[in-house]
Structures are given as structure tokens and as C-alpha cells.
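Asks: Sequence below, structure please.
(2 chains)
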Amino acid sequence: MKFQVNRDVFSEAVSFAVKLLPQRTTLPILSGVLIQANADGLVLSSFDYEVSSQTEIQADVEEQGTVLVSGRLLAEIAGRLPNAPVRVATEESRISVSCGSASFTLLSMPVEEYPSIPEIGAQSGVVPAEEFAAAVAQVAVAASRDDVTPVITGVQLEVRENNLSLVATDRYRVAVRELDWDGGTVASEETVTALVPARTLQEVGKTFGHSGTISVSITSRDDRELIAFSAEKKTVTSLLIKGNFPPVRRLFPETVENYAVVNTAELIEATRRVALVLEREAALRYSFTTDGLTLEAIGSEQAQASESIDAILTGDDTVVSLKPQFLLDGLGAVHSEFVRVSFTKTENPNKPGPVLITSQSSREQAGADSYRYLLQPNLLLR
Amino acid sequence: MSKQDGSSRQVTTGPVDDSATPILHVDMDAFFVSVELLKRPDLRGKPVLVGGTAGRGVVSAASYEARRYGVNSAMPMSLALQRCPNAVVLRGDYTSYAEYSRRVMTIFEEVTPLVEKLSIDEAFLDVSGARRLHGSPAEIAWTLRQRVHRETGLTCSVGVAATKFVAKVASSRSKPDGMLVVPADRTLEFLHPLPVSALWGVGRVTEESLTRIGLRTVGDVAAMPAEALERALGPALAAKLSHLAMGVDARDVVTGREEKSIGHEVTFGYDLTDLEQLRRELLRLSDDVAVRLRRAGLVGRTVVLKLRYGDFRTVTRSRTLGEPTDVARRIYDEASAALGELAGDGARIRLIGVRAEQLRPSGSGAMLWDPDEEWREAERTIDEVTARFGRGSVRPAALVRPSAARVESTRRKNASGGGATP
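Replies: Sure thing, here's the model as predicted:
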């Protein structure tokens, strides 16, 4: 195998192929990146039985062939090469990489033992890339990072006619975002769901955010359910998480009469300030009245803090106790100048109902309801 | 510091504002002497000293009667006997002191896990998390004193304040057999009239330095410009003392133990093989663990099952939960599933135990939905019934029949530094 390739193109492709590789792997060969040189150019891939990345780039191929080299090492080398064409060739059991006056020799790993990259099924639909990336970022914050309960470490994708919803929860909050889905002519009435590991989906969002549109395909073959995202000759596949996502949509209230509208940036700033004196895991007290909103950090002996900001309240005066980081995650995701904080009630008078965060385009006007963030307040301690 | 004979005693009797005073300092009254008096009630009301009499023996403890003669602990016994010639001197019995200390500390730990043992006879408690279960700090202090007296026959004094330093001063002012609550907003009023020696870190030498620049009371120190104090004492001590004099003491109550667990286990009189019988024991133990978790305001993230087989082989299995729990049913379900993997098929079981690990305060994160909610409500109701009618008035049906095999039950609340988890 022998080829020459543009440095920037090569570096970008290697870094994409390596990005989703796990930090540690039980099988050394899975830490490799597979380079196939054929008449049309190069195909770079990685696969760890869960997630695969694959990309095609142009190159001058002198001699076709396939090699497997350590992914992270190659990515680091490719990222630091001088500005000159990169020449790669096999030399017996080694691979030489040279660029300008720099040259490297890498160990080649056995290609025969490398698993075959999963095939992608037919396209299920298309989403606008930028909106999808934004949606993933908005929702994935609420996903659990705790592997004890795998189902909630994922983001649930639900396709219904021309709509795609992303849902994530860690039991303390739920985030939902709706966006347009172009299912083409095969738009089915049936809901299709896919539970995708949040980490993978976040990488997909970051990588494909500027790609125009992303093609999505959800397939089930040999008892293995797979989702693939493709754009601009790059493809990421991921196995789906098995199990049933909890029915969290029913936690959202249908209507809420009691709510307050606050300037989002002001609420974020005030929360960050007042939270400075809080101990870890502690909650802030938010008191909404017709005079505005008062934030108080109490319960610590050493320091207290409070701050008041403007708020327009509809309905009853309400006090809720919220974990600042959980609220900030929601506020950071609404992407609107104002935010509506809605209060719900439960049958149990001692248990506060969840608080709903939605966008508000102005003080008076509710925003498009495409993003909703539901948060469970703590019990109020007297 | 203040005289130790109780003559300048200050105690709280009526209702006070204890809303911002979660720190308790509990100090046993003349601990060693009091333990001795349990064995020798005939000496009550007499001057009693505990300590060595030979040669350079010193006083380990003195009864309040003896202290009126000017006897203090750490004083040479010969001097003490000069001042109080008719004192009865007893040799110390440290094994029984340690045993009483353990019993007293266990009572503290049933109120809050945040117990910092300072020595064999005193401890700091942070009860900020215990309010909902046990009441306000002053109520807790009152209950503790009652329980210690009822369960050990000993008396203690409790200082209740916003910080450790003030709580400790308060307990010493309330001695013996008293309690003193210093409301947070009256801290300075309480501290400032005290002599400088009441400040932590002020020994004889520092006291002299302070007296030399005319500072006799804590209030004098507080009023002193920082530069002047620094010149007299050096920057480190000056900063520390001026903080203390203003009632500022940032130290938290530290338990000195990284991680804790709450567990119960039982050794059977004869080895059990019947899985049903084992499960019943497990249910009872899980219930005990959950009751203690709830009482302490804690939830556990990991459930550990411990089994000892007839041949003394001991195994443990731990299971980590998705969300921490204080519900017996949940603890039982996890432990019981683990039991199914280890017992049965005629395996002879000598001991079974269950414990909750990775403890944290409950209520620190409320969930949108809670798989244990119904059980939790039921068990909380049982807690309330138990509080009114006593333990055992409501139990799971499977436990109504007493277990014959049960001979010895040990409670443990232990440090669990890794260890036997596979």
C-alpha cells in the first residue's frame, strides 16, 4: 500500500475516525484505525463493536491495500505534521509516514482480526444538521451519566410522521426537543424509536453540526439494533441501548396556570452568584411573588446570600427549592431572551410538583414550544 | 477558663431561638468519676478523685465536690490531697470507661451521623440534617441528655450554638448536668464578657501577652485593631483569635471516617438451610437497616449482603442501586436477589447480614418519579406508629412469628474501608 494525501484532509479524517474510540479497550486491535487505499481514495474507519466511524477522502493512491495502525498515535502525529503532502507506505510489517523532512515508522496491526464495520441500512429520514446539533446539546444535558441504569444514559429519538423528538432524563429532570423530520416518501404512521448513547449523540452533533443535512437510518438486523448518521462522506453508527425508556412524557403538565416570566440571562447570573455560598448538593430557594423573584442561599452556617430580580408572575406566589446546576442546565438550553418558569402541583401537599422551563420570546409572548425542560424541586425545609 | 466547679453555671431553661444553631458540643460530666459512682453509689455527694496515688500520680478526674476544694484534673495527686485531704481516691478502670463511652457515642450516632469524637467523653454533633426527624437543636440536646441519663445513668452537659467554638464554650458554662443554647444573633453578647482564656489557643503564655496589652475579656480582643493584635501575637494567632472573638469558626464537624455503612447481622443458634427462613431474617434485618437510615436522615446507594457458611467461609455481595434508598423493601429485594445466588441447595448458613453503604443525606435530590414511593410512604407510616406505640407494633406479616433460631443479633455501624466486597 502506498499513497500521498493532503495534510489537512488527512489530519481531519484521522481525528474524526478516532474521536469515538473508547479511552480504554480490552482488545488492543480495537484501538486502531483502519486505512483502506483503493482506486477512488482512502476510507478510514474505527469500530469497537458499539460505535463505528467511517470517512472517505481523496488521495493519490499508488498501490492499493489495507492497514491497521494505532488510532490515537496516528491522530497525534497527523495533527502535528508540517505543512506538506503526507506520504504513507507499508514496509514489511511496518508503516512509514513521512511529511516534509519528518518521518515516522508505526507498527502495523493484523487487519485479518479486525471486525467488519457494520453495514448501514436504508435511509429512514433527513434532519437539518444545525438544528439537530442544537437539539442534541439542549437535551443531552439531562441524560444520566450513571451506568448503573443504562436506559437513561441514552437520548431517546422518536420519529412520528414529520416530527423527530429527542428526550433525555436522569430522573431529576427531563428535557424534550422537537424538530422537523423529513422521512421522504416512506413516512410511516407508526412511531419509530431509537435509544442512542448520549455521549455518541453529542459527538455526532458536534461533528455534523455544519454539514447541511444529516441522513439518519435506523435498522434492526440479527437482533442488533443500529442507528447510522451520515453527512459529507462521514458516517457514525451506534448500537442502540436495549430496554424501555421510562414514559417521561406523561410527567409534563398539559396546562399550567401558575407561572413566572424572567429574563434568562439575569436569572442565570443571579443563580450563579447566589449559589457561590452553597455547599455541594445543596439547593437554592426561589421565591416568586408579584414583586419579583428572590433567590436565597440558606442552610449553610458560614455564608448566606440573596438577590432579587424582576419577574412577572401569573397566579399564586410560589416558593421552590432547586438545585442551581439543574436549573442552569435548563436555562442554558432554552435559547431565548426570556424564560417561562411554570409551577405544577401534586396530590400530595407536602411534595412540590415539577417546575417546567420553556422559552419565551418576549415578556408577554411565549416562544415556540419546541424545547421543554422539566425539573423536580427539592422538598422545602423549614 | 471558667472555674470548673459549676459555680458560674449558665443554663437555658425556657424557649430560645435555636434556628441557626445546629452544632452541639456534648461533654460528659466528670466522666470517670461518674462511671465509678455507678458502681459505688455510696460515694455520691462526696469528694472523689480518680487517678494514680503512687509517687507522681496525677488526678484523671475529680468529682464536683472535690473541685470545690480547688482540685482539677491533671493536678498532681499529692497536691490534690493537700487541698482536699478527705477525698476518696479510686484507681481508674479504663475498660469500663471505654464501654460507657461507646454506649454514649452510639446514642449520639442514632441522632446524626455527623458525630466528631473529641475524646473519650466529649463530641461535636452537627444536627442540621436531623431537624425533620428529631426536632430543633435545643429539642435534640434536651432529648440527648434525657437518653444518656436514662440509658447509662450518667449526666452530660450540652452547648448548642452556631459554631463549634461557641458550642464548646457553652457546654463548659452549663456544667454540670445543664444545657446552654446560644442563639446565633446573641453569640457576641455571650462571648464578649468571657475572660480571654475562654478562647481556643489561649494558654497561660498567650493570656499573659494579652493581659500585658490590657486585654482581659473576649470583647477586648474583638475590639482591638488588627494591627495591634498582630504586633502582640504574630499574624497567625492574631487572625485566629480575632475570628474566634467575633464568633467566627469555620470548622465543620468532621466524622473522621471517610465512608460509613449502616448494617445489621444475626448469627443463628444452629445453621440454617431453608431459604424461606433466611429470607425472613433478611427482611427483618433490612427493616432494621432502613429504620436506622431514616432515623439518621440518610439514604444508601449500595446494598451489601453478607453470609457466613457453616464452615466459617464468609462471602459478601454488593449491589449498587440506580438511586439511593432508605426503603426496607428495596434493600430486601436487592439483598434477597443476592441471597438466591449464594444460598439454597442445602448450603448451611451460620450468619446473615445486610448493610447499606455509600451513604448520603436524604432529600438532597428529589426525583421526578420514585420507584420506591409507595413502600416509602408505608414505611414512614410504620415509623410514626412505632414512635407512638413502640417498636414491633407494626411489622411485615412474615415477621409476626418470632424466629427460634435467632440467638444473637449484633448491630454494627462501622467504617467500611473497602474490604470484603468482591
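Asks: In contact with residue 104, which residues?
Replies: In the absence of a named chain, this looks at chain A. Contact partners of residue A:104, counting by CB atoms under 8 Å, 6 or more residues apart in numbering or on different chains, are A:77, A:96, A:97, A:98. C-beta coordinates here come from the backbone N, C-alpha and C atoms, glycine included.
Asks: nope, chain B please
Replies: B:28, B:121, B:148, B:152, B:154, B:156.
Asks: Buried residues of the host helix or strand of it, list them for me.
Replies: Assigned by DSSP states H and E, residue B:104 belongs to helix B:94-111. By neighbour count on 16 or more other CB atoms under 10 Å in any protein chain shown, the buried set for helix B:94-111 is B:97, B:100, B:101, B:104, B:105, B:107, B:108, B:109, B:110, B:111.
Asks: And stretch A:169-180, by the same measure?
Replies: Buried, per 16+ other CB under 10 Å, within stretch A:169-180: A:169, A:170, A:171, A:172, A:173, A:174, A:175, A:176, A:177, A:178, A:179.
Asks: so the fifth one bridges to which residues?
Replies: Okay, so that is residue A:173. residue A:375 (DSSP bridges).
Asks: how close does it get to residue A:330?
Replies: The gap separating residue A:173 from residue A:330 is 7 Å, by CB to CB, to the nearest Å.
Asks: list residues touching both of the two?
Replies: Between them, residue A:173 and residue A:330 share the contacting residues A:373, A:375, judged by CB under 8 Å, 6+ apart.
Asks: Now for the chain, the helix or strand with the poorest mean pLDDT.
Replies: Unless you meant another one, I'm taking chain A. The weakest-scoring helix or strand in chain A, judged by mean pLDDT, DSSP states H and E, is strand A:213-221 (a mean of 88).
Asks: what does chain A put close to chain B?
Replies: Neighbours of chain B within chain A, by CB under 8 Å from any CB of the partner chain: A:146, A:148-149, A:169, A:171-174, A:246, A:248, A:251, A:281-282, A:299, A:301-302, A:323, A:352, A:354, A:374, A:376-379, A:381-382.
Asks: Just the buried subset of those, please.
Replies: By 16+ other CB under 10 Å, these give A:149, A:169, A:171-174, A:246, A:248, A:251, A:282, A:299, A:301, A:323, A:352, A:354, A:374, A:376-378 as buried.
Asks: Which of these fall within strands?
Replies: Residues of these located in strands (DSSP state E): A:169, A:173, A:174, A:374.
Asks: Tell me which residues touch the second one, please.
Replies: Contact partners of residue A:173, counting by CB under 8 Å, 6+ apart, are A:142, A:326, A:329, A:330, A:373, A:374, A:375, A:376, B:368.
Asks: Over to the closest residue to residue B:124 other than its chain neighbours. Which of the three states is it?
Replies: Ranked by CB to CB, 6 or more residues apart in numbering or on different chains and with sequence neighbours excluded, the top spatial neighbour of residue B:124 is residue B:116, at 4.3 Å. Per DSSP: H, G, I helix; E, B strand; the rest coil, the local secondary structure of residue B:116 is strand.
Asks: Kindly report the same for residue A:126.
Replies: Applying three-state DSSP: residue A:126 is strand.
Asks: Not counting its neighbours along the chain, what's nearest it?
Replies: residue A:182 (4.4 Å).
Asks: right, is the helix or strand harbouring residue B:292 up against chain A?
Replies: Using DSSP H and E, residue B:292 sits within helix B:275-296. No - shown here: helix B:275-296 not in contact with chain A (CB under 8 Å from any CB), separated by at least 14.2 Å.
Asks: who does that helix touch, helix- and strand-wise?
Replies: In terms of contacts (3 or more CB pairs under 8 Å, 6 or more residues apart in numbering or on different chains; DSSP states H and E), helix B:275-296 is packed against helix B:94-111, helix B:131-134, strand B:262-272, strand B:298-309, helix B:328-342, strand B:349-361, helix B:373-389.
Asks: Show the contacting residues for residue A:367.
Replies: Counting by CB under 8 Å, 6+ apart, residue A:367 has contacts A:334, A:336, A:340, A:358, A:359, A:360, A:361.
Asks: Test my guess that the last one contacts residue A:338.
Replies: Yes - look at residue A:361 against residue A:338 with CB atoms under 8 Å: they come within range, at 7.2 Å.
Asks: quick one: residue B:246 and chain A, what's the gap?
Replies: 13 Å (CB to the nearest CB, to the nearest Å).
Asks: per-residue confidence for the residue sitting furthest away from the middle of chain A?
Replies: Of all residues in chain A, residue A:92 has its C-alpha farthest from the mean position, at 41.7 Å, by CA atoms, centre = their mean. The model reports residue A:92 with a pLDDT of 83.
Asks: how close does it get to residue A:61?
Replies: 20 Å.
Asks: for the ones in strands among the buried ones among the residues of chain A next to chain B, which one is nearest residue B:193?
Replies: Lowest distance from residue B:193 to those (CB to CB) belongs to residue A:173, with 51.8 Å.
Asks: any chance you could map the strands in the stretch 151-300 of chain B?
Replies: For the stretch 151-300 of chain B, strands defined by DSSP state E, counting those that start in this stretch occupy the ranges B:156-161, B:179-181, B:262-272, B:298-309.
Asks: Which stretch among those approaches residue B:207 most closely?
Replies: Across the strands of the stretch 151-300 of chain B (criterion: CB to CB), the nearest stretch is strand B:156-161, sitting at 21.8 Å.
Asks: and that closest one, what other elements does it pack with?
Replies: Using 3+ CB pairs under 8 Å, 6+ apart, the elements in contact with strand B:156-161 are strand B:23-28, helix B:137-152, helix B:164-173, strand B:179-181.
Asks: which of those is buried the deepest?
Replies: Comparing the helices and strands packed on strand B:156-161 by mean neighbour count (mean count of other CB atoms under 10 Å in any protein chain shown), strand B:23-28 comes out on top with a mean of 27.
Asks: can you give me the offset of that one from its chain's centre?
Replies: 9 Å (CA atoms, centre = their mean, to the nearest Å).
Asks: elements contacting that strand?
Replies: Against strand B:23-28 (3+ CB pairs under 8 Å, 6+ apart) you get strand B:122-126, helix B:137-152, strand B:156-161, helix B:164-173.
Asks: Let me have the ones you listed in a markdown table, adding mean pLDDT as columns.
Replies: Output for the helices and strands packed on strand B:23-28, formatted as a markdown table (pLDDT from 0 to 100):
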| stretch | mean pLDDT |
| --- | --- |
| strand B:122-126 | 92 |
| helix B:137-152 | 92 |
| strand B:156-161 | 95 |
| helix B:164-173 | 92 |
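Asks: could you check the distance from residue B:329 over to residue B:375?
Replies: From residue B:329 to residue B:375 the distance is 4 Å (CB to CB).
Asks: Alright, I will stop here.
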